[in-house]
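Trainee: sequence first, predicted coordinates after that:
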Amino acid sequence: ILGHFYQRDEIIKHADFVGDSFMLAQAAKDHPEAEAFVFCGVHFMAETADILSTDQQSVILPNLAAGCSMADMATIDQVEEAWEQITGALETTEGDKAEVIPVTYMNSSAAIKAFCGRNGGIVCTSSNAATVLDWAFERGKRVIFFPDQHLGRNTAKTMGITEDQMPLWRPYLPLGGLTPQQLQDAKVILWNGFCSVHKRFTVAQIDKARTDYPNAQVIVHPECPAPVVEAADGVGSTEYIRKAIEGGKPGDVFAVGTEINLVNRLQAQHPDMTIFCLDPVVCPCSTMYRIHPAYLAWVLEALVEGQTLNQISVDPAVATDAEVALERMLAARP
Ligand code: 13P
Ligand code: SF4
């Protein structure tokens, strides 16, 4: 039983392994002895586990409605259409690097990961995005980054890439709403996707946290908008956030910009510190929350009786190409 950090405690207490999306992908690859994985996370994570595990292992998602609204913001048809338009609009300039390298965030369908594998691209997670962009720039002059504009922008900024070198591709507009010159000048073409949980965090919330607790350390996830990331003291994946708090001392105050189940669990694990969510009225990620303990019990009871329910099986042709991009990602360690 694999559990993402954003799962509720009633699920986490049953998990054999808890982690961020990079760690859970690695865990699926590292346990060939497991007969099956019950993935307590969202659909794209279960697809990744299916691709990285052996053909004899099955991957089960306790509730098939546990998707990710951000991943749904880029469909394979839109991505292929964008690729055709972008590669058609770009002039071929001198040098042996590719004109554009596709990079997809883990939070995307297996079909988009396969697209990246086929086209010299790679997958990243929030824990290795900078390493992955370095990998891409060794091979290409520019990158198209799917689907989270915020992770793409925040990571590119740390590499000295300026806003005007990161145009936003809007999939419903001709040429993404951009000019050929903007594409030519781009270093990172950002897809117009976002996480509805992390986009709720604001600089005003950070200002309030610092007023209420002058010694507060503000840590946020890189799916937050750039002004929030810039106003924070630390930015990183869910595992980064967990480790930062683990390294704290009694009396420390952490104001955190990420999903509420993780924040509340960290506070419960560290009662000698003050740990709170930046957003006072935040809801859990509604799709992560669809993994209800009753669904977990249902698929486990069936498994014991020899029945595999809610199996996630990626088409073998898609899986082969997606694995290429995922293996490149696993080599780019956080
Ligand atoms: P990480 O697990 O990579 O931190 O990502 C958070 C997330 O949004 C998962 O959906
Ligand atoms: Fe998707 Fe955001 Fe939920 Fe993660 S937290 S699963 S990115 S909607």
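Mentor: Cool, the structure landed. Ligands and ions are numbered 1, 2, ... in the order given.

Trainee: got the contact list for stretch 219-232?
Mentor: Counting by CB atoms under 8 Å, 6 or more residues apart in numbering, stretch 219-232 makes contact with 70, 126, 129, 148, 150-151, 153-155, 157, 194-195, 197-199, 201-203, 206-207, 218, 233-238, 240-241, 244-245, 254-258, 278, all of which sit outside it. C-beta coordinates here come from the backbone N, C-alpha and C atoms, glycine included.

Trainee: so which of those reach ligand 2?
Mentor: With CB under 6 Å from any ligand atom as the criterion, those include 70, 195, 197 near ligand 2.

Trainee: enumerate every residue touching the nearest residue to residue 273 once chain neighbours are set aside.
Mentor: In space, and not counting its chain neighbours, residue 273 is closest to residue 252: 4.7 Å by CB to CB, 6 or more residues apart in numbering. With contact set as CB under 8 Å, 6+ apart, residue 252 has these partners: 215, 217, 273, 274.

Trainee: and the stretch 201-334 of the chain, which of its residues are near ligand 2?
Mentor: Taking CB under 6 Å from any ligand atom, the part of the stretch 201-334 of the chain that reaches ligand 2 is made up of 259, 285, 287, 288.

Trainee: kindly recompute the last result at 8 Å.
Mentor: By CB under 8 Å from any ligand atom, the residues of the stretch 201-334 of the chain that approach ligand 2 are 223, 259, 285, 286, 287, 288.

Trainee: secondary structure added to the residues you listed, as TSV?
Mentor: Output for those, formatted as TSV (DSSP: H, G, I helix; E, B strand; the rest coil):
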residue	secondary structure
223	coil
259	coil
285	coil
286	coil
287	coil
288	helix
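
Trainee: next one: the residue nearest to residue 278 when sequence neighbours are not counted from residue 67, what distance?
Mentor: Nearest in space to residue 278, with sequence neighbours left out and distances taken as CB to CB, 6+ apart, is residue 205 at 4.2 Å. The gap separating residue 205 from residue 67 is 27 Å, by CB to CB, to the nearest Å.

Trainee: who's more crowded, the two?
Mentor: residue 205 (21 against 17; other CB atoms under 10 Å).

Trainee: what about residue 311, how many neighbours?
Mentor: Neighbour count for residue 311, taken as other CB under 10 Å: 14.

Trainee: ok, it - contacts?
Mentor: Counting by CB under 8 Å, 6+ apart, residue 311 touches 58, 59, 60.

Trainee: try residue 17
Mentor: 1, 2, 3, 23, 24, 27.

Trainee: at 10 Å instead, please
Mentor: Each residue near residue 17 by CB atoms under 10 Å, 6 or more residues apart in numbering is listed here: 1, 2, 3, 23, 24, 26, 27, 28, 30, 31, 34, 37.

Trainee: my guess is the second one contacts residue 30. True?
Mentor: No - using CB atoms under 10 Å, residue 2 and residue 30 do not qualify as a contacting pair, with a distance of 11.1 Å.

Trainee: overlap in contacts, those two.
Mentor: With CB under 10 Å, 6+ apart, residue 2 and residue 30 have common neighbours 17, 23.

Trainee: just to revisit the earlier point, buried among the contacts of residue 17? Need that as a selection in ChimeraX.
Mentor: To isolate the buried members of those in ChimeraX, using 16 or more other CB atoms under 10 Å:
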select :1,2,3,23,24,26,27,28,31,34,37
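
Trainee: the contacts of residue 17 into TSV, with extra columns for pLDDT, distance to ligand 1 and secondary structure?
Mentor: Output for these, formatted as TSV (pLDDT from 0 to 100; distance: CB to the nearest ligand atom, whole Å; DSSP: H, G, I helix; E, B strand; the rest coil):
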residue	pLDDT	distance to ligand 1	secondary structure
1	98	17	coil
2	98	12	strand
3	98	11	strand
23	92	8	helix
24	95	8	helix
26	93	12	helix
27	96	12	helix
28	96	14	helix
30	95	17	helix
31	96	18	coil
34	96	21	coil
37	98	16	strand
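
Trainee: go back to the contacts of residue 17 and keep what's next to ligand 2.
Mentor: Checking these against ligand 2 by CB under 8 Å from any ligand atom, not one of them is in range.

Trainee: out of the contacts of residue 17, which is nearest to residue 98?
Mentor: Minimum distance to residue 98 across the contacts of residue 17 is 27.7 Å, recorded for residue 26 (CB to CB).

Trainee: nearest residue to the closest one in space, ignoring adjacent ones along the chain?
Mentor: Excluding the flanking residues, the one nearest residue 26 by CB to CB, 6+ apart is residue 330, at 6.5 Å.

Trainee: quick one: which helix or strand includes the one you found?
Mentor: For residue 330, the element it lies in under DSSP states H and E is helix 316-331.

Trainee: go through that helix and flag the buried ones.
Mentor: 318, 319, 321, 322, 323, 324, 325, 326, 328, 329, 330.

Trainee: just for the stretch 201-334 of the chain, where's the confidence low?
Mentor: Nowhere does the stretch 201-334 of the chain drop to pLDDT under 70.

Trainee: can you give me the helices in it?
Mentor: Counting by DSSP state H, counting those that start in this stretch, the stretch 201-334 of the chain has helices at residues 203-212, 226-231, 238-246, 260-269, 293-304, 316-331.

Trainee: nearest to residue 54, of the ones you listed?
Mentor: Across the helices of the stretch 201-334 of the chain, residue 54 has its closest neighbour in helix 316-331 (11.7 Å, CB to CB).
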